[in-house]
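1. Just to be clear, the model below is a prediction. Sequence and coordinates:
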Amino acid sequence: MNDVLIYPYDSGIKDMIHHQKFISAFKNIYLCSPNGWGYTGNNVVLKDLNGQSKELVISDDFDACMDKSDVVIFADCDHSIDKTNMIYPRVELAAKNKKKIIDMITEPSRRKKLKEKVIRLGGEIVFFGAEINEEVTKGISEEAKEGGLKDFKVPVIVVGGILENCGKYTVQLGLKECLEDKGYNVLLVGSKQCSRFLGDVNFPIHIFQSELNDVDQVFAMNRYLKKMEARRPDVMIIGIPGGMVGCNKKLYGDFGILAYKTLTAIRADYFVICLPYANYNDNYFKEMETYVLNRFSCNINAFSVNNQRIDWDKIYSIKPKTVPFATVSQEIVNSIFDSQEITDLFLSKIWTNTKHDIDQLANNIINSLGIDEPEIVF
């Protein structure tokens, strides 16, 4: 088994490193985060299949961690990063030191030149970011559009977030694991670019980055997911990257355009929307249901509240490029169920993203959709 270094570490990849498939793949795991992100010196505790704990200390010394590693993963993280100064010099350093490089963040247009440089320096690189699929970006013929968008025969669970980094991927992985434990064959199209590394399917972001017009992008997404359905899963989980609204006039993401196109291309049989922690009330949930129905033509079946809150102090003081979050304790998140401003009507739709709540959410999905019991082959 190899030793692995993950850089740059932040909350965006915590789900990946806690996944049993990842933990069992490596002997030792090293985490490195840039200074100023607030992670260096913190501990991360992982548990393997046998219940044995590994305590990892997040370092700021890339060179030292790389020297102890056989594999270096450049990960898809939540922070906005300067790839030219933060990533590519370290990719070259890893290549010179004959490391195997796993790249989850380089866009398709830069991969060929980067791979040539890595090989020239004596390294090896594998890309696990957005797949390049030219077939689905060639355009859709007018004849093919005559039949309209295709329907799906299997139940489709969609997981979106009101903003970026609201715990969507935690919910996706948790639902997949729970449904698989119950015997269902689950196909996950994950919102994170590490999904394929864990054996799932990456969200086809290349469709929406192509030169296709808006209508053809919707058709291409629809056709792509129909091909995924041809693998004959019992249920599909689709995670939508990014957020559905902007935080404010300057932190606007993509204005929810990707979510709109995706929810136009597919039919959501069950829609889970992830939220940051806040002091919610009935009026908020009513307005959110109305907004999502009017803009995305989709009913919200469940709300999942994450243990992160928007850090408004940082927004006003340092004017960040992405929405900053601060962690709150799970006890504080659980207190939302004691709120006098949220009635039972909405409390029945609210979950946290703890394993217990995600398991209960999976049961609710099965009961709501009436998914057939999986066939048992003796």
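-> Looks like it came in fine. Just so it is clear, the structure is predicted and the values come from calculations on it, not from any experiment.
2. can you map out the strands along the stretch 1-150 of the chain?
-> Under the criterion DSSP state E, counting those that start in this stretch, strands of the stretch 1-150 of the chain are mapped to 2-7, 26-31, 43-47, 53-57, 71-74, 100-103, 124-127.
3. closest to Ala64 out of these?
-> strand 26-31 (8.7 Å; C-beta to C-beta). (Glycine included, C-beta is placed from N, CA and C.)
4. so where's the stretch 1-150 of the chain uncertain?
-> Counting by pLDDT under 70, the stretch 1-150 of the chain contains low-confidence residues at 1, 130-139.
5. let me redo that: the stretch 201-350 of the chain
-> Using pLDDT under 70, the stretch 201-350 of the chain has no residue that qualifies.
6. give me every residue that touches Asp214.
-> With contact set as C-beta atoms under 8 Å, 6 or more residues apart in numbering, Asp214 has these partners: Lys261.
7. same question, Met66
-> Leu5, Val72, Arg90, Leu93, Ala94, Asn97, Lys99 are the contacts of Met66 under C-beta under 8 Å, 6+ apart.
8. Pick the one among those closest to Arg267.
-> Once C-beta to C-beta is applied, the member of those that ends up nearest Arg267 is Val72, at 40.9 Å.
9. how about the nearest residue to that closest one once chain neighbours are set aside, what does it touch?
-> Nearest non-adjacent residue to Val72, counting by C-beta to C-beta, 6 or more residues apart in numbering: Ala94, 4.5 Å away. With contact taken as C-beta under 8 Å, 6+ apart, Ala94 is in contact with Met66, Val72, Ile101, Gly123.
10. Specify the beta-bridge partners of the third one.
-> What that stands for is Ile101. Counting by DSSP bridges, Ile101 is bridged to Val72, Ile125.
11. Pull the number of nearby residues for Glu211.
-> Counted with other C-beta atoms under 10 Å, residues neighbouring Glu211 total 8.
12. how close does it get to Ile140?
-> As judged by C-beta to C-beta, to the nearest Å, Glu211 and Ile140 stand 13 Å apart.
13. so what sits against both of the two?
-> When contacts are counted by C-beta under 8 Å, 6+ apart, Glu211 and Ile140 have no shared neighbour.
14. could you dump the strands of the stretch 1-150 of the chain to a markdown table with mean neighbour count?
-> Converted to a markdown table, the strands of the stretch 1-150 of the chain look like this (neighbours: other C-beta atoms under 10 Å):
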| stretch | mean neighbour count |
| --- | --- |
| strand 2-7 | 22 |
| strand 26-31 | 18 |
| strand 43-47 | 12 |
| strand 53-57 | 11 |
| strand 71-74 | 24 |
| strand 100-103 | 20 |
| strand 124-127 | 18 |
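15. quick one, which of the ones you listed is nearest to Asn367?
-> Of these, the one closest to Asn367 (C-beta to C-beta) turns out to be strand 43-47, at 30.0 Å.
16. which stretches of the stretch 151-300 of the chain form strands?
-> 156-161, 186-190, 201-202, 235-239, 270-277.
17. Please convert the ones you listed to TSV, extending it with mean neighbour count and distance to Asp311.
-> Below are the strands of the stretch 151-300 of the chain laid out as TSV (neighbours: other C-beta atoms under 10 Å; distance: least, C-beta to C-beta, whole Å):
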stretch	mean neighbour count	distance to Asp311
strand 156-161	26	17
strand 186-190	23	26
strand 201-202	22	29
strand 235-239	26	24
strand 270-277	24	10
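18. a markdown table please, covering those and showing distance to Gln20.
-> Converted to a markdown table, the strands of the stretch 151-300 of the chain look like this (distance: least, C-beta to C-beta, whole Å):
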| stretch | distance to Gln20 |
| --- | --- |
| strand 156-161 | 20 |
| strand 186-190 | 15 |
| strand 201-202 | 19 |
| strand 235-239 | 18 |
| strand 270-277 | 23 |
